[in-house]
Structure formats: C-alpha cells, structure tokens
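Colleague: fold the following.
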Amino acid sequence: MTELAESSTSKLLEQLPPVEKSPILQTLARVGLEVFRREYLLETPNHDGVVDHDALIALMRQQVDPDYRWEAPFFDEHHLSWYAALYESPNHAKPELAHEFRELPTNKLWVPRQFHNFIHAVTEHPPVPEPEVMREKIREFRRNQFIFRVASQAITIQEQLERASVIKMPNGEVMLVDKVTRRTYHDPEALEERRAEFVRVVIEQYKRGFIDLADLSPMDIVDRTEIEARLPEVISAVMNEDRFNSKNHKSLRVDLPVNRRPRTTPEVNVA
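Modeller: Next up is the predicted model:
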C-alpha cells in the first residue's frame, strides 16, 4: 500500500469511510496526515509481532459507526505483516524465512478494499517477529495443514466405504468395486497393507516433526473391512501430544475458516 502512504490528506480521505462516520478520521482531517501518523496511529494487536486478526478486525470496527457498511467494489488481499519491504533483503537478515512467514495463508485476509485502506491509514505496521517466532508459526501452519489433510482423507474413506461393494468373480477372485468412480480393487489384502502403511507414515512423520504430504497423497487407502475402527487410530495418533512426548508440538488447535477466495486464505466479513 505504498501509494496510500504517499497520498495527501484529502486524497487519503477519499478512499476511506465518510468522516462523519468515524471519529478517528475526524481527527485525521483536523490535524493533517503528518501529525496524525506521528501521534494518533493505533497499535496493531499482536503478540511478538504475530498479528491477532480477530482483535484487529474488532478494533477497526470500533472506529466507525455500528451501522456503517464498508464499500467493497472488490475484495483485497491484506497481508497482516506489512510493509513488504521490512520482510525482504536487505531489510531482513533472513529474507526467505521472512517471505514464507509473511505469505502464510493464515497471515493474510480478504477484506473490502475500503476496509483494507482503513487499516493502513489508522494503524501502525506491526513489529517484525524474531526469526524463531516466524519458524514456529510456519511449523504450526504445516501441522494444521497436515491434520486437515488427514481429516480430508478420513472423509474420502468414509465416502468410498459407503459406495464400495464386494463382488466375487467366476474364477473365485474377490474384488472391491466403487460404483461411482467405477474403479476396481483386485486385492483387498493389499489395500489393508497400504492403509496400514498410511497410518505408519502419519505417525512416523509426526514424531519427527517433518511432514511431507507428497508421501501421503499417492496412497490409496480404500478398504472395506475395519476402516472405521482404524480411522480414529490415525486421528488420535496425530492429535495425542502425550503419546509422542514431543516439546515441539504443543499447539495443535485447528481453526479453519470458511473461504470463498483462494482456498487457504480466509475471507473476513467486516460488515
């Protein structure tokens, strides 16, 4: 939002809610942009530089009349960690780490354009987190993504379980058939082995703290027998911290918002 930062007071106000709807903008109009940025900017809610997006949205809504409806000719992607230059070389000692942190879907929001402008106009940019904080947030995102992937696999298995049926061929061979996809599986025992392998990979990767979804995606884990009994084992293995006694996996809470924009980026209703 460099162009916004370089705007004059009048140009900036044209891109924001009406002054009469926002006391803080009345202050901006009265004292001018230079004084406002020096004395009146609001602190962005954060913990060690990681922005609390719920608190940020609540803070912004407090600055306008409760009945105000934000203008949204289109929705904007707002990086919670700004300015971009602060996360790039030469302004950051670890630009690749900083870039990955800044681009995490959990560090971006989709909000009305006017709301986006308002954030940049009335708040201070958040402090840049220390590298270890960035690393932990990246690890946390990957853990949550992994758990989401396992849960998605569980849903897929349940759907396939409901559709699959067993048929016996004239030669005595037993096959599984998915009536929707028309796929056939010639060796139910092999499917059981592949499902067991899936469980093993989930547990081993989680214990090491290294998650490679590519290892899991090609595994076909369709099986008709005992599948419901084994699925809780997978989820429990991933979610049970005490079982692995790993100090590196303390936060496993998954909060996945409903999206209508890019799938991993939350769109926020600020009306």
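Colleague: pLDDT weak spots in the stretch 51-200 of the chain?
Modeller: For the stretch 51-200 of the chain, applying pLDDT under 70 flags the ranges 151, 153-162, 164, 185-196, 198-199.
Colleague: all helices of it, in order?
Modeller: Here the stretch 51-200 of the chain has its helices, by DSSP state H, counting those that start in this stretch, at 53-62, 95-102, 113-122, 131-163, 188-208.
Colleague: residue 44: what secondary structure?
Modeller: Under DSSP: H, G, I helix; E, B strand; the rest coil, the three-state class of residue 44 is coil.
Colleague: what sits closest to it if chain neighbours are left out?
Modeller: residue 126 (4.4 Å; C-beta to C-beta, 6 or more residues apart in numbering). Where you see a C-beta, it was placed from the backbone N, CA and C, and this is true even at glycine.
Colleague: do residue 89 as well
Modeller: Per C-beta to C-beta, 6+ apart, closest to residue 89 is residue 95, 4.0 Å.
Colleague: got it, and residue 45?
Modeller: residue 55 (3.6 Å).
Colleague: what about that neighbour, how many neighbours?
Modeller: A count of nearby residues for residue 55, using other C-beta atoms under 10 Å, gives 13.
Colleague: check the gap between residue 89 and residue 98 for me.
Modeller: 9 Å (C-beta to C-beta, to the nearest Å).
Colleague: so those two - more neighbours on which side?
Modeller: residue 98 (22 against 12).
Colleague: contact partners for the closest residue to that one other than its chain neighbours?
Modeller: Leaving out its chain neighbours, the residue that sits closest to residue 98 by C-beta to C-beta, 6+ apart is residue 87, at 3.9 Å. Residues near residue 87 by C-beta atoms under 8 Å, 6 or more residues apart in numbering: 81, 95, 98, 99, 101, 102, 128.
Colleague: closest one to residue 60 out of these, please.
Modeller: When those are compared for distance to residue 60 (C-beta to C-beta), residue 81 wins out at 16.7 Å.
Colleague: skip the chain neighbours and tell me the closest residue to that closest one.
Modeller: Per C-beta to C-beta, 6+ apart, closest to residue 81 is residue 102, 4.6 Å.
Colleague: separation between the residue nearest to residue 89 and residue 131?
Modeller: In this view, residue 95 and residue 131 are 11 Å apart by C-beta to C-beta.
Colleague: go on, residue 90?
Modeller: On the measure of C-beta to C-beta, residue 90 and residue 131 end up 16 Å apart.
Colleague: so for the two, which sits in the more crowded spot?
Modeller: residue 131 (14 against 7).
Colleague: I'd say that one and residue 100 touch.
Modeller: No: in this structure, residue 131 is not within contact of residue 100 by C-beta atoms under 8 Å, at 11.2 Å.
Colleague: contacting residues for residue 86?
Modeller: Contacts for residue 86 (C-beta under 8 Å, 6+ apart) come out as 92, 125, 128.
Colleague: let me have those in CSV, extended by distance to residue 116 and neighbour count.
Modeller: CSV is the format used below for these (distance: C-beta to C-beta, whole Å; neighbours: other C-beta atoms under 10 Å):
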residue, distance to residue 116, neighbour count
92, 23, 18
125, 14, 16
128, 20, 18
